[in-house]
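>>> got a structure for you, letters missing:
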(Lines give C-alpha, C1' and ligand atoms only; values in the text may rest on other atoms or scores of the structure.)
Protein backbone atom coordinates (compact mmCIF):
# COMPACT_ATOMS: atom_id res chain seq x y z
CA UNK A 1 0.00 0.00 0.00
CA UNK A 2 2.83 2.42 0.68
CA UNK A 3 5.22 3.66 -1.98
CA UNK A 4 8.81 2.50 -2.28
CA UNK A 5 11.74 4.77 -1.51
CA UNK A 6 12.84 4.66 -5.16
CA UNK A 7 9.40 5.70 -6.41
CA UNK A 8 9.28 8.51 -3.86
CA UNK A 9 12.67 9.81 -5.05
CA UNK A 10 11.44 9.72 -8.66
CA UNK A 11 8.39 11.79 -7.70
CA UNK A 12 10.55 14.27 -5.81
CA UNK A 13 12.91 14.69 -8.79
CA UNK A 14 10.03 15.07 -11.21
CA UNK A 15 8.06 17.69 -9.26
CA UNK A 16 10.79 19.55 -7.33
CA UNK A 17 11.00 23.27 -7.92
CA UNK A 18 14.72 23.51 -7.01
CA UNK A 19 17.46 20.98 -6.21
CA UNK A 20 17.00 19.41 -2.81
CA UNK A 21 13.34 20.38 -2.72
CA UNK A 22 11.42 17.68 -0.86
CA UNK A 23 8.65 19.58 0.89
CA UNK A 24 7.13 22.02 -1.57
CA UNK A 25 3.41 21.76 -2.23
CA UNK A 26 3.71 20.18 -5.72
CA UNK A 27 5.99 17.45 -4.36
CA UNK A 28 3.62 16.75 -1.48
CA UNK A 29 0.65 16.58 -3.85
CA UNK A 30 2.49 14.15 -6.14
CA UNK A 31 3.40 11.85 -3.24
CA UNK A 32 -0.13 11.97 -1.83
CA UNK A 33 -1.57 11.20 -5.27
CA UNK A 34 0.63 8.13 -5.55
CA UNK A 35 -0.42 6.92 -2.09
CA UNK A 36 -4.10 7.59 -2.85
CA UNK A 37 -3.84 5.61 -6.08
CA UNK A 38 -2.26 2.68 -4.26
CA UNK A 39 -4.94 2.71 -1.57
CA UNK A 40 -7.70 2.88 -4.18
CA UNK A 41 -6.32 -0.31 -5.73
CA UNK A 42 -6.19 -1.89 -2.27
CA UNK A 43 -9.89 -1.19 -1.73
CA UNK A 44 -10.85 -3.05 -4.88
CA UNK A 45 -9.97 -6.30 -3.12
CA UNK A 46 -10.49 -5.26 0.53
CA UNK A 47 -13.88 -3.60 0.56
CA UNK A 48 -14.36 -3.76 4.35
CA UNK A 49 -11.05 -2.17 5.36
CA UNK A 50 -12.59 0.84 7.06
CA UNK A 51 -9.48 1.79 9.06
CA UNK A 52 -7.49 2.35 5.88
CA UNK A 53 -10.47 4.10 4.30
CA UNK A 54 -10.33 6.74 7.04
CA UNK A 55 -6.65 7.33 6.23
CA UNK A 56 -7.53 7.62 2.56
CA UNK A 57 -10.12 10.29 3.29
CA UNK A 58 -7.58 12.24 5.37
CA UNK A 59 -5.05 12.05 2.52
CA UNK A 60 -7.61 13.26 0.00
CA UNK A 61 -8.51 16.16 2.28
CA UNK A 62 -4.85 17.11 2.76
CA UNK A 63 -4.23 16.95 -0.99
CA UNK A 64 -7.28 19.14 -1.63
CA UNK A 65 -5.98 21.77 0.82
CA UNK A 66 -2.54 21.75 -0.83
CA UNK A 67 -4.10 22.06 -4.28
CA UNK A 68 -6.22 24.99 -3.10
CA UNK A 69 -3.05 26.65 -1.81
CA UNK A 70 -1.25 26.15 -5.14
CA UNK A 71 -4.29 27.42 -7.04
CA UNK A 72 -4.50 30.55 -4.88
CA UNK A 73 -0.84 31.42 -5.47
CA UNK A 74 -0.25 30.32 -9.07
CA UNK A 75 -3.15 29.33 -11.33
CA UNK A 76 -0.90 28.16 -14.19
CA UNK A 77 1.16 25.89 -11.92
CA UNK A 78 -2.08 24.44 -10.56
CA UNK A 79 -3.40 23.62 -14.03
CA UNK A 80 -0.07 22.11 -15.06
CA UNK A 81 0.12 19.97 -11.92
CA UNK A 82 -3.38 18.52 -12.14
CA UNK A 83 -2.85 17.84 -15.82
CA UNK A 84 0.44 16.09 -15.16
CA UNK A 85 -0.95 13.99 -12.31
CA UNK A 86 -4.28 13.26 -13.97
CA UNK A 87 -6.36 14.67 -11.14
CA UNK A 88 -9.85 15.74 -12.16
CA UNK A 89 -11.15 19.10 -11.05
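Perfect, thanks for sending it. Quick caveat: nothing in here was measured; it's all calculated off a predicted structure. Numbers count the residues shown, from 1 in each chain.
>>> Nearest residue to residue 88 in space, please, no chain neighbours.
Distances taken as Cβ to Cβ, 6 or more residues apart in numbering place residue 82 nearest to residue 88, at 7.7 Å, with adjacent residues excluded. Glycine gets a C-beta too; all of them are placed from N, C-alpha and C.
>>> quick one, longest helix in the protein?
Of all the segments assigned as helix in the chain under DSSP state H, the longest by residue count is helix 50-73.
>>> what's the average pLDDT for it?
Averaged across helix 50-73, pLDDT comes to 97.
>>> Then stretch 8-16?
95.
>>> Name the residues of it that are buried.
Buried residues in stretch 8-16, counting neighbours by 16 or more other Cβ atoms under 10 Å, are found at 8, 11, 12, 15, 16.
>>> One more: stretch 59-74?
Taking 16+ other Cβ under 10 Å as the neighbour-count basis, stretch 59-74 is seen to contain the buried residues 59, 63, 66, 67, 70.
>>> Run the chain-centre distance for it.
The gap between the average C-alpha position of stretch 59-74 and the chain average comes to 10 Å, counting by Cα atoms, centre = their mean, to the nearest Å.
>>> Would you mind pulling the contact partners of it?
Stretch 59-74 is contacted by residues 25-26, 28-29, 32-33, 35-36, 39, 77-78, 81-82, 87, 89 when judged by Cβ atoms under 8 Å, 6 or more residues apart in numbering.
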